[in-house]
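*Asks:* only geometry, no sequence info:
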């Protein structure tokens, strides 16, 4: 979907699983795919060898930082602990007004429903401001991602004024 729309992809650089399939699909459609992979993963031969660009970094922190810095949006597909960590870091940085780009959760088979419930509970318990619920968009299918990106509400560093409640 993204490659067909002319959108490049920055991701963790892996060759297997859903992220490898994402990269393969985008590359097959002529898309630009940049991977950012920690050196230890390259040493284990986990990196995708057919990417437009594969950048090796020293550690996971650097990887997450560079992926967000190089992106114009964070799109989360269902995944494991790494996906959840990266998503929550993007949400945290957006809350602090340090990451201002759209965040889209592709909620295939209601995968993110429990997380969305926890985030709503954080608002109910006053750990987050109700405005924080506008930091992300939720779509049911990958086909809805381009529209979600186009209609994402703006976010600015002014969010710092209600980051701490």
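*Replies:* All right, it came through fine. Predicted model, so just to flag it, every value in this text is computed and none were measured.
*Asks:* Ramachandran angles for the residue in the chain sticking out farthest from the centre?
*Replies:* For the chain, the largest distance from the centre (CA atoms, centre = their mean) belongs to residue 125, which lies 25.9 Å off. Main-chain torsions, residue 125, degrees, to the nearest 10: phi -90, psi 0.
*Asks:* what does residue 38 give?
*Replies:* phi -60, psi 140.
*Asks:* Give the other helices and strands that the longest helix seen in the chain contacts.
*Replies:* Ranked by number of residues, the top helix in the chain under DSSP state H is helix 81-95. If you count contacts as 3 or more CB pairs under 8 Å, 6 or more residues apart in numbering; DSSP states H and E, helix 81-95 packs onto helix 60-70, strand 74-76, strand 103-106, helix 113-124. (Each C-beta comes from the backbone N, C-alpha and C, glycine too.)
*Asks:* between these, which gets nearest to residue 159?
*Replies:* strand 103-106 (12.7 Å; CB to CB).
*Asks:* What pairs with that closest one, parallel or antiparallel?
*Replies:* Strand 103-106 has the following strand partners under DSSP bridges: strand 74-76 (parallel), strand 137-139 (parallel).
*Asks:* Pop the domain breakdown of the chain in here.
*Replies:* For the chain, automatic domain parsing gives the domain ranges 1-71, 73-153.
*Asks:* got a pLDDT number for the most centrally placed residue in the chain?
*Replies:* In the chain, the residue lying closest to the centroid (CA atoms, centre = their mean) is residue 74, at 3.2 Å. For residue 74, the pLDDT comes out at 98.
*Asks:* so what's it up against?
*Replies:* Residues near residue 74 by CB atoms under 8 Å, 6 or more residues apart in numbering: 68, 86-87, 90, 99, 101-104.
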